[in-house]
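> Mind folding the following:
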Amino acid sequence: MGLELRQQLKLSQQLVMTPQLQQAIKLLQLSRLELLETVQQELMENPFLEESETEAEVRDTSEEKLTESQAEEELVRTADWENYLGEFSSTSKQALARDLEVPEEGLSFEARLASKPSLEGHLSWQMRLSNFSDHDLAIGDVVIGNLDGNGYLQASTEEILGLIQATPEEVDSVIRRIQRLDPVGVGARTPQECLLVQMEVLGLDDPILVSLVQDHLEDLEKNRYKPLARKFKISMEDLKDYLDLLQTLDPMPGASFSSTDPHYVSPDVFVYRYGDEFVIILNEDGLPRLQMNTYYMDTMKGAASKEKEYFQEKMRSAAWLMKSLYQRQRTLYKVVESIVRFQREFFEHGVTKLKPLILKEVAEDIEMHESTVSRITTSKYVSTPHGIFELKFFFNSALDLNDGSQVGSESVKALIKQMIADEDTRKPLSDERIGEILQEKLEVNIARRTVAKYRSAMGIPSSSKRKQYF
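All right, here's what the predicted structure looks like:
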């Protein structure tokens, strides 16, 4: 057999992910704060984009009826953020207008903020105000550098000796002195050591109390109270007094200095009740209104061919970004609008009325693909009359009722949480009993293991760990 070269024509179809399409998909997934950063970055990099300083009139633009080139041309002339967001409101802005807050005169925003002291800085400040020698300060800095967020020392004496020239006695002496700084107990290696240091400073030297901390913290954690009362030959009331005293101690003395900032959520959408209807408004606070830079557009007309090619590329990029932003906001509004339709009882009565819902149902309702719905609900939050929720919260599985209907799993979780909150802590409800109550009163068919799974997912301990003896 011989080898030969032969030309052959073949026709095939394939989906090509253009950079513009990739950008549009990326914008769908961005949270509101990430979107702000992306828009600001584009404003810096693309000379054809600028922030509009004046309000533009909101015009009805039918995107579906425009070709891509027509849409880009229309966006180049008229698009700005007011157009994007103004039509994505189920009521006029004037109906829900709020007075703007007037900042305090003569005081910058930064001047109203106070930095939170760190644990390391607080301890270092105390050491330098105490009679620590230069050598002890050097050892102390190494010790402080090896504390975790709760204030516990994560390095052994031998490891510290590998970082600084000192004797074991000098290191242990500095550690002991640090443990008696504020907060007392910081620098301990174990919870027992931490509590014992605090007891020493407070003068709590009762033998039973000391023994409870040294040898029986695990028994206390697992509520083994009766054996402890028998061992120490005291009544349960006396044991309760010891426990109350231990509750005044702090097993995590460094936690209050944790540098971890709380995660604040900025809602992407607001849903208000307005009479018998629900009003949907996209959060436009801080989003710049974009428009094309007319100066560069005029400059492009007289530019050379190479410069003109560069300008055209930047102009197309700017127009596509504005179009993608419009589509993102439009999609977000339509998805929330659909969720409100499906979950109206939730918006009226709360979490216990949440219905089963899947992505496919919303996708079919708004005539979009499931993947689009999935992307637009990622890292997006909605402010409702019952609190702030991630959009994915409204999609949940179903549990069957005796009458053949269904109830949402999140609704059942809320019921379980409420039942546990209302239980008698001396006789907490078992998972099996919770399942029986759901069956008897609400006719929900749920197995004990499902109750246990939901309870664990909510971070609620078992009935044996929830039981209180006093």
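
> Name the surrounding residues that touch the host helix or strand of Ala229.
Under the criterion of DSSP states H and E, Ala229 resides in helix 225-232. With contacts defined as C-beta atoms under 8 Å, 6 or more residues apart in numbering, helix 225-232 is touched by 208, 211-212, 216, 219-220, 235-236, 238-239, 469. For the C-beta atoms, the positions are set from N, CA and C on the backbone; glycine is no exception.

> any idea of the pLDDT on Ile416?
pLDDT, Ile416: 89.

> gap between it and Lys427?
Remark: distance between Ile416 and Lys427 (C-beta to C-beta, to the nearest Å) = 17 Å.

> Beyond the helix holding Ala229, next helix or strand please.
Helix 225-232 is succeeded, C-terminally, by helix 236-247 (DSSP H and E).

> List the buried residues for whichever helix or strand comes after that following helix?
Per DSSP H and E, helix 236-247 leads on to strand 269-274 as the next helix or strand towards the C-terminus. Residues 269-272 are the ones in strand 269-274 that count as buried (16 or more other C-beta atoms under 10 Å).

> For Met322, state which of the residues you listed is nearest.
Val269 (20.7 Å; C-beta to C-beta).

> how many other residues sit next to the closest residue in space to the closest one that isn't next to it in sequence?
Spatially, and ignoring its direct neighbours in sequence, Val269 is nearest to Val382 (4.5 Å; C-beta to C-beta, 6 or more residues apart in numbering). The number of residues packed near Val382 is 25, by other C-beta atoms under 10 Å.

> Also the one 5 residues further on?
Gly387 is flanked by 9 other residues according to other C-beta under 10 Å.

> how near is it to Leu357?
From Gly387 to Leu357 the distance is 18 Å (C-beta to C-beta).

> ok, back up a step: do you know the pLDDT at the residue nearest to Val269?
On the pLDDT scale, Val382 gets 93.

> ok, back up a step: okay, Ile416 and Lys427: which has more neighbours?
When neighbours are counted by other C-beta under 10 Å, Ile416 comes out ahead of the other of Ile416 and Lys427, with 23 against 11.

> Tell me the buried residues in the helix or strand hosting the more buried one?
Element membership for Ile416, per DSSP H and E: helix 409-421. For helix 409-421, the neighbour count (16+ other C-beta under 10 Å) marks 409-417, 419-420 as buried.

> if we can go back for a sec, out of the contacts of helix 225-232, which are buried?
208, 212, 216, 220, 239.

> just curious, which of the residues you listed is nearest to Asn150?
Leu220 (18.8 Å).

> OK, contacts around the closest one?
By C-beta under 8 Å, 6+ apart, the neighbours of Leu220 are 212, 228, 243, 246.

> make it 10 Å
212-213, 228, 239, 242-243, 246 (C-beta atoms under 10 Å, 6 or more residues apart in numbering).

> Make TSV from those residues and add pLDDT and distance to Pro117 to it.
Output for the contacts of Leu220, formatted as TSV (pLDDT from 0 to 100; distance: C-beta to C-beta, whole Å):
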residue	pLDDT	distance to Pro117
Leu212	93	33
Val213	93	29
Leu228	91	39
Leu239	91	38
Tyr242	91	34
Leu243	90	32
Leu246	91	28
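
> Which members of those residues define the maximum pairwise distance?
Maximum distance among the contacts of Leu220 (C-beta to C-beta): 13.7 Å, for Val213 and Leu239.

> quick one: contacts of the helix or strand containing Ile434?
Taking DSSP H and E as the criterion, Ile434 maps to helix 431-442. For helix 431-442, the surrounding residues in contact (C-beta under 10 Å, 6+ apart) are 352, 399, 401-402, 407, 411-412, 415-416, 419-420, 423, 427-430, 444-456, 462-463.

> what angle separates the following helix or strand past that helix from helix 409-421?
The first helix or strand that comes after helix 431-442 along the chain, using DSSP H and E, is helix 448-457. Interaxial angle, helix 448-457 versus helix 409-421 (axes from the mean of the first three to the mean of the last three C-alpha atoms, to 10 degrees): 80 degrees.

> Mind listing what's buried along the helix or strand just after helix 448-457?
Where DSSP H and E defines the elements, the next helix or strand beyond helix 448-457 is helix 463-466. Going by neighbour count (16+ other C-beta under 10 Å), the buried part of helix 463-466 is Ser463.

> Counting by contacts, list what helix 463-466 packs against.
helix 431-442 (3 or more C-beta pairs under 10 Å, 6 or more residues apart in numbering; DSSP states H and E).

> ok, now with 8 Å
Helices and strands touching helix 463-466, as assessed by 3 or more C-beta pairs under 8 Å, 6 or more residues apart in numbering; DSSP states H and E, are absent.

> Could you check how far that helix is from the centre of its chain?
Taking C-alpha atoms, centre = their mean, to the nearest Å, the mean C-alpha location of helix 463-466 is offset from the chain mean by 29 Å.

> quick one: which of the contacts of Leu220 is nearest Val39?
Leu246 (53.6 Å).

> my guess is that closest one meets Val210, correct?
No: contact criterion C-beta atoms under 8 Å: Leu246 and Val210 do not qualify, at 11.0 Å.

> and Ser156, how many neighbours?
Neighbour number of Ser156 under other C-beta under 10 Å is 12.

> What helices and strands are in contact with the host helix or strand of Gln40?
Per DSSP H and E: Gln40 is located in helix 32-45. When contacts are defined as 3+ C-beta pairs under 8 Å, 6+ apart, helix 32-45 sits against strand 49-51, helix 305-342.

> Let me have those in CSV, extended by distance to Met368.
Converted to CSV, those look like this (distance: least, C-beta to C-beta, whole Å):
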stretch, distance to Met368
strand 49-51, 27
helix 305-342, 7
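
> need these in CSV with mean pLDDT, can you?
Output for these, formatted as CSV (pLDDT from 0 to 100):
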stretch, mean pLDDT
strand 49-51, 81
helix 305-342, 86
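
> Including mean neighbour count and distance to Gln192, could those go into a markdown table?
Shown next, in a markdown table, are these (neighbours: other C-beta atoms under 10 Å; distance: least, C-beta to C-beta, whole Å):
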| stretch | mean neighbour count | distance to Gln192 |
| --- | --- | --- |
| strand 49-51 | 18 | 60 |
| helix 305-342 | 19 | 51 |
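
> I'd like to know which of the ones you listed lies nearest to Tyr152.
Per C-beta to C-beta, nearest to Tyr152 of the helices and strands packed on helix 32-45: helix 305-342, 44.7 Å.
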